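Asks: model this:
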Amino acid sequence: SVLDGEDVVQDALLQAYRKLNAFDDNRPLRPWLFRIAHNQCIDFLRRRRVRRAAEVDAIPLESVPPSEPSGPRVGRAIEHLVLILPPKERACVLLKDVFDYSLQEVADLVGSTAGGVKAALNRAREKLSTSAVDAHRVRPLPNPDALRLRDLYVERFNRHDWDGVRELIVADARVRVADRFDGPLADAPYFARYDRVTTPWRLAPADVDGESVIVVLERGADTWTPHAIVRFDLSSGRIVRIVDYTHCPWVLSAASSVRFETPARIPGSSGAVLLSEPAGGYE
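Replies: Residues are numbered from 1 along each chain as shown. Now for the predicted structure:
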């Protein structure tokens with residue numbers, strides 16, 4: 001998910017900034033940053049695995065979809081690496097077999113030697129070849145209550161009904177405007193910012209790379225164009241965290257597919273729009 005990737009990058013950069021005082025200027029910067037980003041990725045995958053397991057357990061058995069067809073799946077493969085391999089072996093496999101670094105480059109990044117990397121690769125490949133991938137994990141079905149809450153949020157937001165929007169959000173909710181702000185929603189001029197925007201805009205329910213989110217649309221001459229993505233976290237039927245990627249347009253352009261409903265009041269613009277090739281235009 002490009003959204004998850006952007007969150008991990010921002011968290012890694014924040015951690016690096018906080019640890020700058022402890023960084024040894026005589027050491028190369030790249031391996032240090034890589035280790036921070038690597039650890040952030042591992043922490044994220046572990047949290048996601050726990051969350052997904054809880055979501056699957058909460059789904060009635062009759063609503064569980066068939067398991068995914070067998071075959072290479074990047075997300076499951078990376079989670080498999082996390083489960084099977086210790087950190088050094090996992091890093092060596094990713095750097096050599098996925099990113100195609102040389103043995104010496106991998107050694108520099110993980111603080112080892114070329115011989116040590118070779119040994120770690122042999123051990124890791126043997127473990128991966130003899131362990132069975134969990135083929136029975138299923139993706140949780142979309143929560144109908146969450147989808148209804150998303151649609152209600154969009155409807156009230158488009159009417160600038162800020163009191164109605166706040167009814168959907170817990171009092172201590174947080175907001176993250178990526179690259180700009182991260183803190184309590186009560187302390188942020190988040191809604192006021194949208195109230196002041198002079199360019200015509202609308203929110204719309206959307207599907208980005210299979211995830212149910214919200215897109216911010218901007219109006220052009222005769223159509224609406226997706227400008228940014230907004231996602232939120234729920235707890236007990238209310239919103240506890242909002243993440244807005246308005247200042248990170250590359251997140252949207254990096255998505256492989258974006259589906260959304262265009263506002264029907266613009267002549268000729270109603271209906272579903274599929275963005276299948278961000279660099280090449282809309283279909």
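Asks: show me the helices in the stretch 151-283 of the chain, by range?
Replies: With DSSP state H, counting those that start in this stretch as the criterion, the stretch 151-283 of the chain has helices at 162-166, 190-196, 249-254.
Asks: make a markdown table out of these and add mean pLDDT, mean neighbour count and distance to residue 116.
Replies: C-beta here means a position set from N, CA and C on the backbone, and glycine is covered the same way. Output for the helices of the stretch 151-283 of the chain, formatted as a markdown table (pLDDT from 0 to 100; neighbours: other C-beta atoms under 10 Å; distance: least, C-beta to C-beta, whole Å):
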| stretch | mean pLDDT | mean neighbour count | distance to residue 116 |
| --- | --- | --- | --- |
| helix 162-166 | 94 | 14 | 55 |
| helix 190-196 | 91 | 13 | 49 |
| helix 249-254 | 82 | 16 | 35 |
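Asks: how about those in TSV, adding distance to residue 5?
Replies: Shown next, in TSV, are the helices of the stretch 151-283 of the chain (distance: least, C-beta to C-beta, whole Å):
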stretch	distance to residue 5
helix 162-166	28
helix 190-196	23
helix 249-254	8
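Asks: so which of the ones you listed is nearest residue 105?
Replies: helix 249-254 (25.1 Å; C-beta to C-beta).
Asks: need the contact partners of that closest one.
Replies: 2-3, 5-6, 178, 208, 215, 226-229, 245, 258, 278-279 (C-beta atoms under 8 Å, 6 or more residues apart in numbering).
Asks: nearest to residue 235, of the helices of the stretch 151-283 of the chain?
Replies: Taking C-beta to C-beta, helix 162-166 is the member of the helices of the stretch 151-283 of the chain nearest to residue 235, at 16.0 Å.
Asks: show me the shaky parts of this protein.
Replies: By pLDDT under 70, the low-scoring segments of the chain are 50-83, 130-142, 263-283.
Asks: need the longest strand for it.
Replies: strand 224-235 (DSSP state E).
Asks: just the strands in this structure please.
Replies: Under the criterion DSSP E, the chain contains strands at 169-177, 181-184, 201-208, 211-219, 224-235, 238-244, 258-262, 271-275.
Asks: only alpha carbons, please: show the fifth one as PDB.
Replies: Looking back up the chat, that one is strand 224-235. This file holds the C-alpha atoms of strand 224-235, laid out as PDB (Å, rounded to 0.1, in the frame of the first residue of the first chain):
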ATOM      1  CA  TRP A 224     -13.300  16.500 -11.100                       C
ATOM      2  CA  THR A 225      -9.700  15.400 -10.600                       C
ATOM      3  CA  PRO A 226      -8.400  13.400  -7.600                       C
ATOM      4  CA  HIS A 227      -5.900  15.600  -5.700                       C
ATOM      5  CA  ALA A 228      -5.300  13.800  -2.400                       C
ATOM      6  CA  ILE A 229      -6.200  10.800  -0.200                       C
ATOM      7  CA  VAL A 230      -7.700  10.900   3.300                       C
ATOM      8  CA  ARG A 231      -8.000   7.800   5.500                       C
ATOM      9  CA  PHE A 232      -9.100   7.300   9.100                       C
ATOM     10  CA  ASP A 233      -9.000   4.800  11.900                       C
ATOM     11  CA  LEU A 234     -12.100   3.700  13.800                       C
ATOM     12  CA  SER A 235     -12.800   2.400  17.300                       C
END
